[in-house]
Structure formats: structure tokens, C-alpha cells
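Undergrad: Just need the structure, nothing else, for what follows:
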Amino acid sequence: MEKLKKILLSNIVPIVFLVLSISAVLVAGIPPLFLVSEVVRRLSRNTFLVLSLLIPVVAGMGLNFGIVLGAMAGQAAMFFVVDWKIKGISGIVVSIILGAAIALVLGWIAGLILNRAKGREMITSMILGFFANGVYQLIFLFFVGSIIPFKTKQFLLPDGVGLRNTVDLYGTIASALNKPWTIQIGTVRVFVIPILITVTLCLFIYFLFKTKLGQNIRAVGQDMHIAEVAGINVNKIRITAVMMSTVLATIGQIIYLQDISTINTYNSHEQVGLFSIAALLVGGASTRRASIWNAIIGVLLFHTLFVVAPSAGNKLFGQPQVGEFFREFLAYAVIAFALAMHGWSAKKQKH
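TA: Prediction:
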């Protein structure tokens with residue numbers, strides 16, 4: 001009984017979400033094939049972003065709210081690719097290369113800052129994301145079209161300075177990764193390339209932690225002092241972890257946006273950190289421990305609830321908007337609960 005109790009407590013978040021998801025599916029009465037189709041598509045476009053959180057967690061830096069920097073880098077690259085009229089897979093490749101270059105710089109700066117805030121990485125990365133968002137808005141609202149040349153006038157504001165709220169990717173790189181290879185199973189469409197890219201990342205992360213760098217990341221995450229005594233450059237490893245996470249977030253955001261086919265210029269990146277972290281925690285991860293399976297299970301459960309919540313809200317209360325509020329509330333609630341459990345566990349271990 002004690003062992004069962006321990007298993008239930010350590011997996012309380014995924015269990016609660018599983019119950020909520022099943023209940024919402026039953027209440028909503030959504031056709032099963034439609035639900036499967038939506039969840040499969042969300043798995044292919046969202047999982048990469050969630051996986052980008054794993055390396056900093058293993059490095060002992062907690063949940064990296066700073067992946068929003070990577071998301072902004074990816075969006076910035078896509079804006080210029082659209083302006084340069086680079087289409088299809090070529091546009092995606094150029095977006096990834098340009099976005100990764102920007103993300104490396106941003107990740108390095110973020111790593112330096114987080115090294116000065118050891119023990120407070122999560123709140124620091126969150127505030128860093130807010131600051132970076134301000135700089136991002138300054139660049140794309142005031143500099144683009146004035147200091148930074150932008151030829152595609154249809155995406156600029158009427159006075160020719162600043163990007164419009166929405167940049168349409170149709171005709172350029174919209175669904176560029178989805179179109180080449182699609183499997184149709186009844187009404188369920190499976191986009192193979194995004195899934196293969198995600199599987200490749202899973203294999204990369206798996207083998208990374210078997211390398212010397214991966215072992216050093218684990219050592220730093222377990223105990224920075226012992227790692228330093230063992231001759232590991234702790235600060236360098238932590239910066240490397242943040243840089244890798246930021247670059248992966250850039251690629252994840254590009255995969256996500258090409259599937260959506262529209263960029264909400266000033267909002268698409270804002271919830272990236274929140275929802276990715278919530279999904280990871282829903283999968284059973286904590287601020288100190290996370291795995292590939294936590295990410296996959298979390299995306300599956302979290303997005304199942306996302307799909308059915310509006311319909312369930314409409315059936316129960318006659319208002320689909322209730323479901324929208326409910327799922328956003330859950331994202332914050334899951335993060336708050338996980339952080340509270342982490343604090344409680346840490347306190348219990350001290351005693």
C-alpha cells in the first residue's frame with residue numbers, strides 16, 4: 001500500500017488530467033475520428049517545443065520559461081524569409097538556419113544572466129522573456145520599415161513602418177513540412193515529416209545524455225558543487241544547456257507556425273513557454289526531473305483537453321467560452337501545483 005501511495009503521489013498530475021480528459025471527452029460527445037485527427041496534428045506540431053525544455057531541467061535549471069526567446073527568433077527569421085519570397089522547404093530551411101543563429105546569441109546572453117541567478121532560474125527566465133518581448137515589439141513595431149528594410153508592403157502598417165498584427169504564410173512556407181508526405185487513414189491525416197523531425201529530436205536527446213557532454217549536464221543538475229570539484233566547468237555547461245534549449249525552441253516554433261500558416265506578430269510567442277511547460281508537467285515531469293515520455297504523454301493529455309474543453313463547456317453551461325477559460329486556468333493551475341509540490345518535496349527532504 002505504501003508503494004502504491006508513493007506511485008499515485010508522484011503521478012498525481014497526469015492521473016488527474018487523464019480523468020479530466022476522459023470526462024470531458026464523454027461530456028463533449030465529439031466524434032472519435034475528429035478527436036484523433038486533432039490530437040495527432042497537435043502532437044506533430046507541439047511536441048518539439050515541449051522537448052526543448054528537457055535539457056535545462058536535467059541541467060538543474062528548472063523549467064525554462066525563456067524558450068520564448070527561441071520562439072521570437074524563429075518568428076523573426078520567418079518574417080524575413082517571407083519578405084525575401086523564399087518558398088516551400090527551402091524557406092523552412094533558411095528560417096531554421098537564420099533563426100538558430102539569432103537563438104544562439106540570445107541563448108548565450110540568457111545563459112550568462114541565469115548563471116548570475118543560480119537557484120532562481122525559473123523566475124529570472126520568465127522576466128527575461130518579458131524584457132525580450134519588449135525589445136521584440138520595439139524592433140517589429142518601430143524599426144521594421146524604417147531602419148530595417150522590408151519590401152512586402154502588404155504586411156506593413158498603413159504608414160509603412162511596423163508589421164501588421166498578422167502575417168499570412170499562404171503561398172510561401174505555409175504547411176511546407178506537411179504537404180510533401182501525408183498519410184491518410186480514414187479521415188485522420190498524419191503529417192509524416194514533422195513527426196520524423198520530432199522522433200529525430202527524441203533520438204538526439206536520448207543519445208546526448210550518453211555522451212560526455214550529456215553526463216556533464218546530468219552531473220551539474222545533480223550537484224553543482226560536486227561537479228565543480230570533479231573539474232566540470234559548471235557555468236559553461238549551464239550556458240550550453242540554455243543555448244541548446246533556445247535553438248530547439250526556435251525550430252519548434254517554426255514547425256508550429258508553418259502548420260498554423262499564420263503568424264500573430266505580437267502574440268504568437270507569448271504563450272509558448274506557459275503552454276509548453278504546462279504540457280510537460282501534465283506528463284508527470286517536475287522542476288528537477290523530466291523525460292521524453294513526460295513530454296509526449298503531456299502533449300497528448302494536455303491537448304486532448306484543449307480540443308474537447310470548448311465543446312464540454314458548451315454542453316454543460318451553454319457557453320463554449322467557459323471551456324476556453326477553463327483550459328487557460330488549467331495551464332496556470334498545473335504550473336502552480338507542480339511548483340508547490342516541488343517546494344513541499346524539497347522541504348520534506350531537508351527534514
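Undergrad: For this protein, just list every one of the helices.
TA: Counting by DSSP state H, the chain has helices at residues 2-10, 12-28, 32-51, 54-58, 67-83, 88-115, 121-138, 192-208, 212-222, 224-229, 234-260, 272-282, 292-317, 320-350.
Undergrad: the inter-axis angle of the second one versus helix 32-51?
TA: So that's helix 12-28. 150 degrees (axes from the mean of the first three to the mean of the last three Cα atoms, to 10 degrees).
Undergrad: what angle sits between helix 12-28 and helix 292-317?
TA: 40 degrees.
Undergrad: helices or strands next to helix 12-28 in the packing?
TA: Applying 3 or more Cβ pairs under 8 Å, 6 or more residues apart in numbering; DSSP states H and E, we find helix 12-28 packed against helix 272-282, helix 292-317, helix 320-350. (Each C-beta comes from the backbone N, C-alpha and C, glycine too.)
Undergrad: Swap in 10 Å and give it another go.
TA: Using 3 or more Cβ pairs under 10 Å, 6 or more residues apart in numbering; DSSP states H and E, the elements in contact with helix 12-28 are helix 2-10, helix 32-51, helix 272-282, helix 292-317, helix 320-350.
Undergrad: now do the first one
TA: Contact here means 3+ Cβ pairs under 10 Å, 6+ apart; on that basis helix 2-10 packs against helix 12-28, helix 320-350.
Undergrad: Recalculate using a threshold of 7 Å.
TA: Here helix 2-10 touches no other helix or strand, going by 3 or more Cβ pairs under 7 Å, 6 or more residues apart in numbering; DSSP states H and E.
Undergrad: Residues in contact with it: which ones?
TA: Residues outside helix 2-10 that contact it (Cβ atoms under 7 Å, 6 or more residues apart in numbering) are Ile15.
Undergrad: Same check on the fourth one?
TA: Residues from elsewhere that reach helix 54-58 (Cβ under 7 Å, 6+ apart): 63-64, 205, 217-218, 221, 241-242, 244-245, 285, 290, 295.
Undergrad: what's the most buried one of the helices and strands packed on helix 12-28?
TA: helix 272-282 (a mean of 27; mean count of other Cβ atoms under 10 Å).
Undergrad: from the chain's centre, how far out does it sit?
TA: How far helix 272-282 lies from its chain's middle: 7 Å, per Cα atoms, centre = their mean, to the nearest Å.
Undergrad: can you check stretch 55-63 too?
TA: 14 Å.
Undergrad: try stretch 15-23
TA: Worked out by Cα atoms, centre = their mean, stretch 15-23 lies 22 Å from the chain centre.
Undergrad: list the buried ones in that stretch?
TA: 17-18, 20-21 (16 or more other Cβ atoms under 10 Å).
Undergrad: Among those, which pair sits farthest apart?
TA: Leu18 and Leu20 (7.3 Å; Cβ to Cβ).
Undergrad: Poorly predicted segments of the stretch 251-351 of the chain, please.
TA: 319-324, 326-327, 330-331, 338-339, 341-351 (pLDDT under 70).
Undergrad: Sorry, slip of the keys, the one I care about is the chain.
TA: Using pLDDT under 70, the chain drops low at 1-2, 9, 319-324, 326-327, 330-331, 338-339, 341-351.
Undergrad: Return the distance of the spatially most central residue of it relative to Ala176.
TA: By Cα atoms, centre = their mean, the chain has its centre lying nearest to Leu49, at 3.3 Å. Using Cβ to Cβ, to the nearest Å, we find Leu49 at a distance of 18 Å from Ala176.
Undergrad: Same check on Phe191?
TA: 11 Å.
Undergrad: Show residues contacting stretch 20-27.
TA: 35, 301, 304-305, 308-309, 312, 315-316.
Undergrad: Closest one of these to Val81?
TA: Among the contacts of stretch 20-27, and counting by Cβ to Cβ, the member closest to Val81 is Thr304, at 32.7 Å.
Undergrad: Hmm, Asn165 is touching Ile263, no?
TA: No: the criterion here is Cβ atoms under 7 Å, and Asn165 misses it with Ile263 at 9.7 Å.
Undergrad: Looking at those two, which is more packed in?
TA: Legend: neighbour count by other Cβ atoms under 10 Å for Asn165 and Ile263, higher for Ile263 (24 against 11).
Undergrad: wait, that one sits on Asp168?
TA: No: judged on Cβ under 7 Å, Ile263 makes no contact with Asp168 at a distance of 8.2 Å.
Undergrad: which parts of stretch 134-148 are buried?
TA: 136, 139-140, 144-145.
Undergrad: Please disregard the earlier target; I meant stretch 87-95.
TA: 87, 91-92, 94-95.
Undergrad: Switch the contacts of stretch 20-27 over to TSV; also include distance to Gln154.
TA: Below are those laid out as TSV (distance: Cβ to Cβ, whole Å):
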residue	distance to Gln154
Leu35	37
Leu301	40
Thr304	37
Leu305	37
Val308	37
Ala309	35
Ala312	39
Lys315	41
Leu316	43
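Undergrad: Tell me the one of those nearest Gly107?
TA: Using Cβ to Cβ, Leu301 comes nearest to Gly107 of those, at 29.0 Å.
Undergrad: which residues sit in contact with the closest one?
TA: 14, 17-18, 21, 282-283.
Undergrad: Quick check: the gap between it and Ile195.
TA: Taking Cβ to Cβ as the measure, Leu301 falls 18 Å from Ile195.
Undergrad: now Ala77
TA: With Cβ to Cβ as the criterion, Ala77 and Ile195 are 23 Å apart.
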